[in-house]
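> how would this look folded up:
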Amino acid sequence: MNLETAEREMTEMDRLFDRLFPICRSITGEGLRQTLDILSEYVPLERFGVPTGTRVFDWEIPKEWNIREAWLKGPDGSLIADFRRHNLHVVNYSIPVNRKLSLEELRPHLHTIPHLPDAIPYVTSYYQPRWGFCLPHRVLEHLPEGEYHAYIDSELTDGELNYAHALLPGESEREVLISTYVCHPSMANNELSGPIVAAFLYRRIAAWKRRRWTYRFVFVPETIGSIAYLHRFGETLKRSVSAGFVLTCLGGSQPLSFKQSRRKDSIVNRLWDHMLKSKVIDGRTRPFSPANGSDERQYCSPGFNLPVGQLARTIYGTYPGYHNSLDTKESMTIGALYRSVNEIELLLKSLEADVRYRNRFPYGEVKLDKYGLYPDMNSPTNWSYSTNEKQDRRVQLSRILHILNYSDGEHSLAEIAEMCGCHVLELAPLAELLVEKGILEDPAGERRSGDRESDAHDRVSPEAPVPGA
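Below you'll find the model as predicted:
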């Protein structure tokens, strides 16, 4: 990808961010539907609605929440909090209220972050009827005694919970799951980074010349949405998903971070380790834990136990803007989202390349000179090929011999690459060359379950420029 294309893509990301940021999202309601409407311009989403009261495993779809207006006025009539100024000013899922209260009566309904005195906190009460306002702590400290007017024009009605997905078919029906959430109001890293990266990943993968895997992109409200999705599609995912990633918190300056799948032997765990060993990604690894995180907890719940990990950059709970108004585009940066798209695409290309080939001539070594693949000039200082004038001190030959020896249907190309001290995408062109010459058998579309399912796709450079980097 050249610099002009990179700048154009980042500009599109920036525009999408600006359209999505002001929307008051929640786990149900018009804000969620409006968000899916906008994302549908980038990804051809199929939409679903689950009615209020529907049982989804141990959960029940709550009433749909919508809000039109909300404000809190002080004794002198001045605005203390205003939903139109910032939608975090209202506790998400607040019931309607129109009351005049003393400061003492009001205090239980006010929420702040004392150690971040200028931040407006993000507070929710999805499953218990409450109302409240969120303020900078500095404002709370200076509230005078007197009569306050609290007004919230909201409604909780029988409606539905919405989610959406899109499938990009490949040569195999085996799937890679890409899931992200679309339920937080105006926050950047903790909300918009995931769906924006997912949308642009979809466009990148749709443009590939070849897809061995089928890719399933899922956009859900967090937790209750993924549970509802699994309630409808869980058995399908158990049959078809061989690898998956939950995308969250992909802005910020931290290296890409991978939270492992619950399944220790999963292809996603193994391939991430390979990426780090081969130093094509500067990343770090987090162990699986059900105690925190995002929707990987649902995909990895014991009844499903899907091979799904999580990708993040500046991780939830580790930065000042987590779940408050300090989580802005400036603190996250569009450049970080662009780098996340590049690195995750590289990871997915590596997944495509990680094939378990079979040597069609496994008895003894293949006579490679018949195929122009053995150096026909050998000396202590030079090994060259008359067919392509390649002089690389037997690096190519060594890699070919490794591929042929371990292409037994048991070893993946990434495992062979580690034996050669290189990355799987460096071996993939040689494997494809061996397929073209009829020496290797390409098992495209013939995958087995779990950790043993992987294949390859067309090679493009894994590097992409980041404007201003």
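
> so where's the stretch 101-250 of the chain shaky on pLDDT?
Applying pLDDT under 70 to the stretch 101-250 of the chain flags no residue at all.

> What segments of it are strands?
With DSSP state E, counting those that start in this stretch as the criterion, the stretch 101-250 of the chain has strands at 110-111, 133-134, 147-157, 160-168, 175-181, 214-220, 241-247.

> what's the burial count for F48?
The tally of other residues near F48 (other C-beta atoms under 10 Å) stands at 16. All C-beta atoms are positioned from the backbone trio N, CA, C, and that covers glycine.

> And for the one 4 residues further on?
For T52, the number of neighbouring residues by other C-beta under 10 Å comes to 16.

> so how far is G53 from the nearest residue to it once chain neighbours are set aside?
Leaving aside its sequence neighbours, T52 sits nearest to D158 (C-beta to C-beta, 6 or more residues apart in numbering; 4.5 Å). Between D158 and G53 the distance is 7 Å, computed by C-beta to C-beta, to the nearest Å.

> Please name every helix or strand in contact with the helix or strand that contains F17.
Counting by DSSP states H and E, the element that carries F17 is helix 3-20. Here helix 3-20 touches helix 30-39, helix 193-206, helix 334-353, going by 3 or more C-beta pairs under 8 Å, 6 or more residues apart in numbering; DSSP states H and E.

> mind listing the helices for the chain?
3-20, 30-39, 103-106, 137-141, 193-206, 224-240, 267-277, 296-299, 329-332, 334-353, 395-406, 413-420, 424-436 (DSSP state H).

> check contacts around the closest residue to L88 other than its chain neighbours.
Among residues not flanking L88 along the chain, I120 sits closest, at 4.5 Å (C-beta to C-beta, 6+ apart). Counting by C-beta atoms under 8 Å, 6 or more residues apart in numbering, I120 touches H86, L88, H89, C134, L135, P136, N324, S325.

> Return the closest of these with respect to P22.
Set against P22, the nearest of the contacts of I120 by C-beta to C-beta is H86 (9.6 Å).

> so who does that closest one touch?
Counting by C-beta under 8 Å, 6+ apart, H86 touches I120, S186, S325.

> hmm, try it at 6 Å
By C-beta atoms under 6 Å, 6 or more residues apart in numbering, H86 lies in contact with I120.

> any idea how far I120 is from it?
With C-beta to C-beta as the criterion, H86 and I120 are 6 Å apart.

> can you redo the strands of the stretch 101-250 of the chain as JSON lines with mean neighbour count and distance to H231?
Output for the strands of the stretch 101-250 of the chain, formatted as JSON lines (neighbours: other C-beta atoms under 10 Å; distance: least, C-beta to C-beta, whole Å):
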{"stretch": "strand 110-111", "mean neighbour count": "19", "distance to H231": "32"}
{"stretch": "strand 133-134", "mean neighbour count": "26", "distance to H231": "32"}
{"stretch": "strand 147-157", "mean neighbour count": "17", "distance to H231": "22"}
{"stretch": "strand 160-168", "mean neighbour count": "21", "distance to H231": "11"}
{"stretch": "strand 175-181", "mean neighbour count": "26", "distance to H231": "15"}
{"stretch": "strand 214-220", "mean neighbour count": "24", "distance to H231": "11"}
{"stretch": "strand 241-247", "mean neighbour count": "26", "distance to H231": "16"}
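
> In TSV: these, plus distance to L347.
As requested, the strands of the stretch 101-250 of the chain are arranged in TSV below (distance: least, C-beta to C-beta, whole Å):
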stretch	distance to L347
strand 110-111	39
strand 133-134	37
strand 147-157	41
strand 160-168	16
strand 175-181	10
strand 214-220	13
strand 241-247	8
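
> Out of those, which is closest to I27?
Nearest of the strands of the stretch 101-250 of the chain (C-beta to C-beta): strand 160-168, 6.5 Å.

> ok, and what's touching the closest one?
Contacts of strand 160-168 (C-beta under 6 Å, 6+ apart): 28, 32-33, 36, 43-51, 61, 205-206, 215-220, 225, 228-229.

> partners of it, with directions?
With DSSP bridges as the test, strand 160-168 is paired with strand 46-51 (antiparallel), strand 214-220 (antiparallel).

> Name whatever forms a beta bridge with the spatially closest residue to R232 that is not a sequence neighbour.
Sequence neighbours aside, F48 is the residue nearest to R232 in space, at 7.2 Å (criterion: C-beta to C-beta, 6+ apart). Note on F48: beta-bridge partners by DSSP bridges are Y163.

> do you know how far F48 is from A166?
Distance, F48 to A166, by C-beta to C-beta: 12 Å.

> same check, this time on K63
28 Å.

> do S26 as well
When distance is defined by C-beta to C-beta, S26 is 23 Å away from A166.

> rewinding a little: buried ones among the contacts of strand 160-168?
When the contacts of strand 160-168 are checked for burial by 16 or more other C-beta atoms under 10 Å, the buried set is 28, 32-33, 36, 43, 45, 48, 50, 61, 205, 215-220, 225, 228-229.

> S78: neighbour count?
Around S78 there are 8 other residues, counting by other C-beta under 10 Å.

> cool, R85 as well?
R85 has 11 nearby residues by other C-beta under 10 Å.

> And for it, nearest residue in space, chain neighbours not counted?
Closest to R85 by C-beta to C-beta, 6+ apart is L79, at 7.7 Å.

> and what of E60?
Closest to E60 by C-beta to C-beta, 6+ apart is G53, at 6.4 Å.

> my guess is Y374 meets L368, correct?
Yes: applying C-beta atoms under 6 Å, one finds Y374 in contact with L368, separated by 3.8 Å.

> How is this protein divided into domains?
Following automatic domain parsing, the chain resolves into domains at 3-62+160-353, 69-157, 358-442.
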